[in-house]
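Trainee: What follows is a predicted protein model with its sequence.
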Amino acid sequence: MFIGLSTLRNGYMQMQWSRVQMFLVFNTIALPIVLGTGQPEVVKFFISLVAVPIHLLLLNAVLRANVGL
């Protein structure tokens, strides 16, 4: 029984780490695109308009995953 519980816990921890990785990868890709100087301002605005809700949703998922510890 202990092995089953530890396997479940291990899977839960892996899911939490996956959420953190998604958050970090998204910010690593999105921030240079928005802050880059080569893009026109209109493109930066639309990327930011789409990226902010995604950023907030991923941040919310990371924070919710941390509550179960």
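Mentor: Looks like it arrived, so ask away. Residues are numbered from 1 along each chain as shown.
Trainee: Let me know the secondary structure of the residue most central in space within the chain.
Mentor: Relative to the mean C-alpha position of the chain, the nearest C-alpha, by Cα atoms, centre = their mean, is the one of Phe23, at 1.8 Å. Using DSSP: H, G, I helix; E, B strand; the rest coil, the three-state assignment for Phe23 comes out as helix.
Trainee: What residues does it make contact with?
Mentor: With contact set as Cβ atoms under 8 Å, 6 or more residues apart in numbering, Phe23 has these partners: His55, Leu58, Leu59, Ala61, Val62. All C-beta spots, glycine's among them, are computed from the backbone N, C-alpha and C.
Trainee: And for Pro53, the neighbour number?
Mentor: Counted with other Cβ atoms under 10 Å, the neighbours of Pro53 add up to 9.
Trainee: Check what pLDDT Ile3 gets.
Mentor: At Ile3, the pLDDT value in this model is 67.
Trainee: Quick check: Asn27 touching Val52?
Mentor: No. With the criterion set as Cβ atoms under 8 Å, Asn27 and Val52 do not qualify as a contacting pair; they are 11.5 Å apart.
Trainee: okay, the two: which has more neighbours?
Mentor: Asn27 (15 against 12).
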